[in-house]
Every structure is written in C-alpha cells, then in structure tokens.
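Asks: got a structure for you, letters missing:
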C-alpha cells in the first residue's frame, strides 16, 4: 500500500450523542461538526467517544455490530428493555458504558488496544457550522456527485473542472451525509462474517493484505481495481443517487432510424424488449443469443421507450473497439439524442448528463443509481465475457426501479440459474441471420493425444478430412503456448508425408498469447495463406476465416470452461458460404463443461425449430424511421 500520505489512515471514531429523550450512535472524522449539527438541529446535549481513532471500515463494522437502525437515527429512551438501566436519569451513561465495554472487547480481538478505561466525554464546544457556506456549495457538490460513487480526490477534480475551489470539501460532504443526501462507505469493508470486500468493484477474493506505512499495521487493498487508485479500509467513497430529471415527467416523441433488416428472430426480440421496458413486472432480462446471432439494434426499441419518458440509458461493453462501433450505431439510430462514450478520455456530443452513455468497465464503476435502463452488451465481447466487476458495476448503476438487460451468448452461471427459476425474463435469439442450425460439437475421447512423440492418428484424420473433403481451413485450439508449438512441430511432418490434396506451401501456422507476431500470423491465416492455425485461443473480432472447421485439443483442460467452449464453437458456421462447419472437442474425458455446451446448443436449435425460424429463414423485417 502507498505510504506517506498527508491524510492519516486512522481518524474515524465511533461516538454516542444524547439528549433528554433519545440517543444516537454514529461515526465521524470531524466529531465537532457532528455535535454542532446535532445540537442545532435535534437538540442533542452531550457526546462521547467509544472507540479510538480507527480506519473507516473498522468503524463502520463496529457501528453495524453494536447498533441498529433506530440507534443510528435517534432512538427514544421510552420503552427501552435493557435490564442494566435502573433509573431514567442514568439512561445515557448506562447505555454509553455498555456500548463502550462491547466495543473495547471486540477491538482486543482485532489486536487494537484501546487504552481508555471509560468513554471519553467530548467537552469541546461544537464547531460553528457555516450554514451559509453549506447551502452555497451543497447543491453544486450534490449535483457533481449525483448518480456517481467517487473518492474525495475525484470529486475535487470534477469541481476544479467547473472552475470551483471548495474549501473544506470533506466537511461539506460529511454534513450532506448527516442530512442523508450523500452516502459514505469505506472503499474496502468488513463483511458480516468478518471477511473483507471491495465496495468499489464488488469483489471479495481479490482483496489482499499489505503493510500500511501510514498506520504501521497490516492492512488491505483491492488488487482487482488497483489501476483506478488504491481501494482500502481507510479511504471513503461518497455516493448520491441521480435526481429526477424534469424530462422524466413528460412523454416525448423520439425518432428511431433503423435502416437495416432484421431476421424474424431478431425482430421478435426487438419487440419483446420494448414490451419488457414498457410494462414487464420483472426488472431484469436475459437476451440469450446464439453466437453471431445478435446485433445491438435489437435493444434499440427498449432504449427508445426509456428516452420517450426522459430517462437515461447506460451500455456497459467490455471491448473498446465494440464501444466505438456501438457509439456510431446509436448516433445514427437516434438523431438529436445526446450520446456519450467513456473510456480513457471521454468523448461526446454533449458531455453533461447525456441521454445515452457507453462505458468501459472502469468508467461504469463510477455510477450509482443513475440510469433507467442498463444494458450489458456481451454480444461481441469475446474473450472479455461474464466479467463480474462489470456486472456488479451495472447493477449498482441502475436506479432502484430501473431495468437491466443482459445481452450475451454465454450467460454467467448465476444469471442463467436465475433465469431458469423465472426470476429473470428470457428473450432468445436462437439462430443466425442465414437461418441454418448452429453447429453441434462432436466429442472425441482419446487417452493420449500425444503418444511417444507422435500426434494421435485420429487428430491427423480430422484435419485431413477438413482439408480434402470439406475444402476448409482448420483452427486448432490448445490450452497453452507450449502445446501450440509442440503440436505444430509434430503435425507438420505428418501432413507433408500424406500427400494431402489442397495442402498449401505453408500448411501450418502456430502461435500463442505471448507471441509478438500473433496478429500477423492470425491475419495470414485469415487471408488463406495457411491451412491450419494452431493457437491458444481467439482474441480478436472476426479472426476466424469464413470456411473453417475447429479442433479443440485437450478440451477437458480446466482452462476451457463452458463459456469459453461455447464461444469457440460459435466461431464455426457463422458464414453463409459455409454454415455447416464442424467442431470437435478432443479430450481424455467428457467434462460437465463439454456436456453443457452441447446441451445449450441443442436447446437453441430446438427453440429455432419450434418457432419456425429454420423454415422462414429468408424473412426480413425492415425498421426505418420509426
């Protein structure tokens, strides 16, 4: 963790304040401000500290353990059923001593020595709150923060971009927190079971221990979102839900210009998603697409429904190149609507509160209850699929009553399970534009794929069949770079000795994730300069030649989860010139992942058959200037 910062990492205290008729518990780094505010607004007369200065996360945890919601907002003494309290005049001090003992005992378990033997009574005068300054700046601070969740330094930067230098910003944010207009949370928190988790990205397993130079103690930080700055127990995140926009009270006409043709399946999905946003009781929808069957425009009807009512839309997209493409499509489809794209330095045609926002994962993490419709577009996101950080970010970005649409060919297991239980609406696009069934992988079981420095005859046979009979190229996918090179070295002499018709002068190209010439080799294969590409996976869009078969070697390896195998299988048969390609999973055993892929593809094919999409494959639905 970084050291030597100007802000101490242990500066929040747990306190109790009291009046003649009630008491309240809270945490603060500026307790004089709390006391002044509570004294002036609610008549509190005393305050005491029941913890030493601590990191925000530990203070929040103590508050959650030793208080309930009424105690955090002001609990009356009447009808208190606490046996240790004897007389009403001792209520505050009896409760105070009880809470103090509880906190001190728990801190000892955490290795924090609290040297005080009794609560420390706050004796200072309440710091005068400059309410004129508060009212002067609270609107602009809340406006800057609305719909976002940010660190103090990020809020300062946004204010500076507006030409504002706000003195004592933290005090203003703290007062807004006391008033309930802003939410403050530690960026790394202690959970109810004593574990630690990141409040920024939502992950638990990526929070790791580190020594803190500031506090001279072992602490934590989140490794997953480190590139955005350290998320740690002493750093506060501030958030405020988006305000209702005046436009949301009106229904306006929004022009949707779609100069494209839909297949029947796409058109029905388009209409179903518009109905989902307009009147469905469920708040989440899974658009389960066959690989290569989806297109962003299928959700544009739903987008229009939200825009008509003055709402805002967020698209979360894992791939930067897809963001650029989607930005262009949305600008063409919604003339006059402000569209903003956020990755790196923001670019937009209206950067202030745009109607439609496209965000990469790290930008999506900054939104908080801000959008009426949120869309996860993983249609063309491979290999960046089922990203838990992006999913967490989009769920937090959605307003409480907003809608969330997942567009993906590889549903995350938890989303698929919820859909199976009926908790999420499901819209399927089970067939591609060309109307042919999806290719179902064939499973080939072999004990040893490489035996005595010789590639298995069955594998050579599959490749020969592809080149000679199908006149197709072959993509061979293996688990790692070593096997890519090894398989290539063993396969080349075997093929050259078989006199295969159609074998090119350069029959094999092999590459891996760390190959500096990977892009050139993939491009050469795509141009047809080689029959076979042996690789560790697909990393780009459209990097598979149209007339290709696929062999996945060691398909039972743990690297090939269900989503990965489903995406690989989906890269075959997408071309209208060769819709009946072949996919083989070659492994030593059949895994649940392999079975799951075969089962899901069969389900999609059966759904396409049931709904008549195969017979009506040439029907197209034009939607122009709706």
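Replies: It's in. Since this is a predicted model, take the numbers as computed values, not measurements. Numbers count the residues shown, from 1 in each chain.

Asks: contacts, neighbours, all on C-alpha from now
Replies: Noted.

Asks: separation between residue 290 and residue 148?
Replies: 34 Å (CA to CA, to the nearest Å).

Asks: er, residue 537 actually
Replies: Applying CA to CA to residue 537 and residue 148 gives a distance of 37 Å.

Asks: what does residue 518 give?
Replies: Counting by CA to CA - residue 518 and residue 148 are separated by 40 Å.

Asks: Repeat that for residue 297.
Replies: Residue 297 is 27 Å from residue 148, by CA to CA.

Asks: So for these two, which sits in the more crowded spot?
Replies: Neighbours around residue 297 and residue 148, counted as other CA atoms under 10 Å, are more numerous at residue 148. The numbers are 24 against 19.

Asks: residues contacting the residue nearest to the more buried one when sequence neighbours are not counted?
Replies: Using CA to CA, 6 or more residues apart in numbering and skipping residues adjacent in sequence, the residue nearest residue 148 is residue 367, 4.1 Å away. Residues near residue 367 by CA atoms under 8 Å, 6 or more residues apart in numbering: 147, 148, 149, 393, 396, 397.

Asks: Take these and keep only those in helices.
Replies: Mapping the contacts of residue 367 onto helices (DSSP state H) picks out 393, 396, 397.

Asks: Turn the residues you listed into a markdown table, including neighbour count.
Replies: Formatted as a markdown table, the ones in helices among the contacts of residue 367 follow (neighbours: other CA atoms under 10 Å):
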| residue | neighbour count |
| --- | --- |
| 393 | 22 |
| 396 | 23 |
| 397 | 28 |
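
Asks: And these, which is the shakiest by pLDDT?
Replies: In terms of pLDDT, the lowest of the ones in helices among the contacts of residue 367 is residue 393, showing 92.

Asks: Tell me how far it lies from residue 277.
Replies: In terms of CA to CA, residue 393 sits 20 Å off from residue 277.

Asks: What of residue 333?
Replies: The value you get for residue 333 to residue 277, if CA to CA is used, is 18 Å.

Asks: neighbour-wise, which of these two wins?
Replies: residue 277 (25 against 21).

Asks: care to break the protein down by domain?
Replies: 13-121, 131-240, 246-429, 442-610 (automatic domain parsing).

Asks: Centre-most residue in the protein?
Replies: Nearest to the geometric centre of the chain sits residue 390, at 1.3 Å (CA atoms, centre = their mean).

Asks: any idea which element that one lies in?
Replies: Here residue 390 sits within helix 388-397, counting by DSSP states H and E.

Asks: who does that helix touch, helix- and strand-wise?
Replies: helix 361-364, strand 371-377 (3 or more CA pairs under 8 Å, 6 or more residues apart in numbering; DSSP states H and E).

Asks: Looking at the first one now, give me its mean pLDDT.
Replies: Across helix 361-364, pLDDT averages out at 87.

Asks: just stretch 401-414 next, same as before
Replies: pLDDT averaged over stretch 401-414 gives 90.

Asks: Okay, now it: how far is its last residue from its first?
Replies: 21 Å.

Asks: before we move on, what about stretch 196-205?
Replies: Start to finish, the residues bounding stretch 196-205 are 9 Å apart (CA to CA).

Asks: low pLDDT regions in this structure?
Replies: For the chain, the stretches flagged by pLDDT under 70 are 1-8, 79-89, 110-115, 124-135, 215-216, 245-251, 344-352, 379-386, 538-544, 615-626.

Asks: I'd like to know which elements the helix or strand harbouring residue 306 is packed against.
Replies: Taking DSSP H and E as the definition, residue 306 sits inside helix 300-308. Contacts defined by 3+ CA pairs under 8 Å, 6+ apart place helix 300-308 against helix 264-279, strand 313-316, strand 371-377.

Asks: Touching it from outside, list them.
Replies: 251-254, 256, 270-271, 273-278, 312-313, 355, 372-373.

Asks: Kindly recompute the last result at 7 Å.
Replies: Defining contact as CA atoms under 7 Å, 6 or more residues apart in numbering, one finds that helix 300-308 is touched by 251-254, 270-271, 273-274, 277-278, 312-313, 372-373.

Asks: tell me the two of the contacts of residue 367 that are most distant?
Replies: Across those, the longest distance by CA to CA is 12.4 Å; it joins 147 and 393.

Asks: all strands of the stretch 401-550 of the chain, in order?
Replies: 425-429, 442-445, 473-477, 508-510, 532-535, 548-553 (DSSP state E, counting those that start in this stretch).

Asks: Tabulate these (a markdown table), appending distance to residue 165 and mean neighbour count.
Replies: As requested, the strands of the stretch 401-550 of the chain are exported to a markdown table (distance: least, CA to CA, whole Å; neighbours: other CA atoms under 10 Å):
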| stretch | distance to residue 165 | mean neighbour count |
| --- | --- | --- |
| strand 425-429 | 47 | 22 |
| strand 442-445 | 65 | 17 |
| strand 473-477 | 56 | 26 |
| strand 508-510 | 57 | 22 |
| strand 532-535 | 54 | 26 |
| strand 548-553 | 59 | 27 |
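
Asks: Save these as JSON lines, and put in distance to residue 285 too.
Replies: Shown next, in JSON lines, are the strands of the stretch 401-550 of the chain (distance: least, CA to CA, whole Å):
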{"stretch": "strand 425-429", "distance to residue 285": "4"}
{"stretch": "strand 442-445", "distance to residue 285": "31"}
{"stretch": "strand 473-477", "distance to residue 285": "33"}
{"stretch": "strand 508-510", "distance to residue 285": "41"}
{"stretch": "strand 532-535", "distance to residue 285": "35"}
{"stretch": "strand 548-553", "distance to residue 285": "32"}
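
Asks: which residues in the stretch 51-200 of the chain form strands?
Replies: Residue ranges of the strands in the stretch 51-200 of the chain, as given by DSSP E, counting those that start in this stretch, are 75-76, 120-121, 148-151, 183-186, 188-190, 196-198.
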